[in-house]
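1. could you look at this predicted model? Sequence included:
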Amino acid sequence: MKTVLVTGFEPFDGERVNPSALAAEALNGREIAGHRVTGVVLPCVFGKSLAMLRGGIRCLQPELIICAGQRGGRAEIAVESMAINIVAAPIPDNEGNQPFARPVARTGPLAYLSTLPVEAIVAALRDAKLPAMISNCAGTFVCNHVFYGLMRTLHRARPGRGGFIHVPYLPEQAQRADGNPPSMPLEEIVRGLEIAVETSLTAEHNLRATVRANQ
């Protein structure tokens, strides 16, 4: 059976949980559109996270890779449109590294576009009554580091669809955070990533006319 790789991140910045990790674990072993999902939790560490992702790609040879991460403060599932070649960590990673103003890849292009059907995914999420948006910036922390590295790997080494999705806080995280940020139940996050996988495997067109990109 063909494989889909879904990744999340371990908790970081003092958090006890990370919804992307819990969602990846929940999807592990599921069958979606004739594909077996392998869920993997990446370390929130520059370098190590990307090395682990690339190792998983070499081992599994997945047809589709969707990496997910936590984006506190957002109310929607955010499907990222591009990864940029910059690292500017606003906080240290889980090993205390805080690189700033350096490229992810010295010889890489300024950006890579996601090869997921971004607009189609957002349309499908909205059809399922899940709040969703297109995001044009995945940040400059470990999430973007992994996203850029993923797209560079796919561009240079093998064909296939891949991209990145940010998910909101869980309600328990929002309760502990300042400012009453928005949140989403884990079951909705899991369902959202499941829809993203299914749409990526089955969508023939990107449905560009159905969704307006968030500026």
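-> Structure's in. What do you need? Numbers count the residues shown, from 1 in each chain.
2. you'd agree Glu188 is in a helix?
-> Yes: assessed with DSSP: H, G, I helix; E, B strand; the rest coil, Glu188 lies in a helix.
3. that one - how many residues pack around it?
-> Using other C-beta atoms under 10 Å, Glu188 is surrounded by 20 other residues. C-betas here are computed from N, CA, C, even on glycine.
4. which residues of this structure fall in helices?
-> 19-27, 48-60, 118-127, 142-157, 171-176, 186-202 (DSSP state H).
5. mind putting the ones you listed into TSV with mean pLDDT and distance to Phe164?
-> What follows is the helices of the chain, written out as TSV (pLDDT from 0 to 100; distance: least, C-beta to C-beta, whole Å):
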stretch	mean pLDDT	distance to Phe164
helix 19-27	98	10
helix 48-60	96	11
helix 118-127	98	10
helix 142-157	95	4
helix 171-176	94	20
helix 186-202	98	10
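6. ok, which of the ones you listed comes nearest Glu80?
-> Counting by C-beta to C-beta, Glu80 lies closest to helix 142-157 out of these; the figure is 6.4 Å.
7. spatially central, which residue of the protein would that be?
-> Centroid-nearest residue in the chain, with C-alpha atoms, centre = their mean: Ala68, separated by 2.5 Å.
8. before we move on, the earlier item: can you put the helices of the chain in TSV and add distance to Glu76?
-> TSV is the format used below for these (distance: least, C-beta to C-beta, whole Å):
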stretch	distance to Glu76
helix 19-27	13
helix 48-60	24
helix 118-127	9
helix 142-157	16
helix 171-176	14
helix 186-202	9
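9. what about the closest residue to Ser20 other than its chain neighbours, how many residues nearby?
-> Spatially, and ignoring its direct neighbours in sequence, Ser20 is nearest to Gly8 (3.3 Å; C-beta to C-beta, 6 or more residues apart in numbering). Per other C-beta under 10 Å, the neighbour tally for Gly8 reads 26.
10. nice, that's everything, thank you.
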